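Undergrad: sharing a model that was predicted from the sequence below.
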Amino acid sequence: EPEVTQTPSHQVTQMGQEVILRCVPISNHLYFYWYRQILGQKVEFLVSFYNNEISEKSEIFDDQFSVERPDGSNFTLKIRSTKLEDSAMYFCASSVPTLTGGNSPLHFGNGTRLTVT
Amino acid sequence: LAKTTQPISMDSYEGQEVNITCSHNNIATNDYITWYQQFPSQGPRFIIQGYKTKVTNEVASLFIPADRKSSTLSLPRVSLSDTAVYYCLVVSSGGSYIPTFGRGTSLIVHP
């Protein structure tokens, strides 16, 4: 079964540094998402991406965050200047549109654990 | 966006059937009910989705009454490996499609 892959599995960075989290969505999927989960808390939506542009974003997704699909396979999340509170698991997900006009369920990767020191 | 309510935790034993009920009183006509499973340090995994009545796959069954204000995820004969957090989501089939996760139900299966 095809799956969403994320790299690295664990990233440690110092406060103020830039990080790029990478994702390879399932190849025929058209919708891409980033979520995060702070330890012990809910899975929180960050941003969705379709047709090479952001379609929705949450309040968490401020100017420090950006997403990009640099080629036909990768989908990246960049945090420009990391803060301690950015420490979390970051999950990438993808989905396809359905014939009914909605979207199929999301397929998630296993995440990147970001630790900001 | 329909709010969901589900138990915070449940305990069961190997071989038992587990039913997790979720209430979603303000579900809209074009909303679907979707359940995900999450193991520690892994991403959520889709289990099952339905609109009304009953849906069954190789993993679980989903029961949705006629008023659709609640749903029940049924896991037959659970094993230790079914210990996970289970999330009930109500997702619109049109317009904004942003699955929103709540706290979920932490299921612990005991030997």
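TA: Looks like it came in fine.
Undergrad: please make it C-alpha for all contacts and neighbour counts, starting now.
TA: Will do.
Undergrad: would you map the strands across chain B?
TA: For chain B, the strands defined by DSSP state E cover B:9-13, B:18-23, B:31-38, B:45-50, B:53-56, B:61-64, B:70-75, B:84-92, B:105-110.
Undergrad: between these, which gets nearest to residue A:17?
TA: strand B:31-38 (30.1 Å; Cα to Cα).
Undergrad: hang on, the earlier thing: just the strands of chain B: most buried one?
TA: strand B:84-92 (a mean of 24; mean count of other Cα atoms under 10 Å in any protein chain shown).
Undergrad: from the contact counts, what lies against that strand?
TA: On a contact count with 3 or more Cα pairs under 8 Å, 6 or more residues apart in numbering or on different chains; DSSP states H and E, strand B:84-92 meets strand B:31-38, strand B:105-110.
Undergrad: follow-up on the earlier one: TSV for the strands of chain B, including mean pLDDT?
TA: TSV is the format used below for those (pLDDT from 0 to 100):
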stretch	mean pLDDT
strand B:9-13	97
strand B:18-23	97
strand B:31-38	94
strand B:45-50	94
strand B:53-56	94
strand B:61-64	97
strand B:70-75	97
strand B:84-92	93
strand B:105-110	97
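Undergrad: now those strands in TSV, with distance to residue A:107?
TA: Listed next are the strands of chain B as TSV, based on distance: least, Cα to Cα, whole Å:
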stretch	distance to residue A:107
strand B:9-13	25
strand B:18-23	22
strand B:31-38	10
strand B:45-50	7
strand B:53-56	19
strand B:61-64	19
strand B:70-75	19
strand B:84-92	14
strand B:105-110	20
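Undergrad: and the ones you listed: which comes nearest residue A:60?
TA: strand B:84-92 (20.4 Å).
Undergrad: re earlier: among the strands of chain B, which is nearest residue A:54?
TA: Closest to residue A:54 of those is strand B:84-92 (Cα to Cα; 18.7 Å).
Undergrad: please name the strands paired to the closest one in the sheet, noting orientation.
TA: Here strand B:84-92 is paired, per DSSP bridges, with strand B:31-38 (antiparallel), strand B:105-110 (antiparallel).
Undergrad: okay if I get those strands as a markdown table plus distance to residue B:13?
TA: Listed next are these as a markdown table, based on distance: least, Cα to Cα, whole Å:
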| stretch | distance to residue B:13 |
| --- | --- |
| strand B:31-38 | 18 |
| strand B:105-110 | 5 |
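Undergrad: run through chain A and note the low-pLDDT ranges.
TA: For chain A, the stretches flagged by pLDDT under 70 are A:98-103.
Undergrad: grab the most central residue of it for me.
TA: Chain A has residue A:34 as the residue nearest its centroid, 2.7 Å off, counting by Cα atoms, centre = their mean.
Undergrad: tell me which helix or strand that one sits in.
TA: strand A:31-37 (DSSP states H and E).
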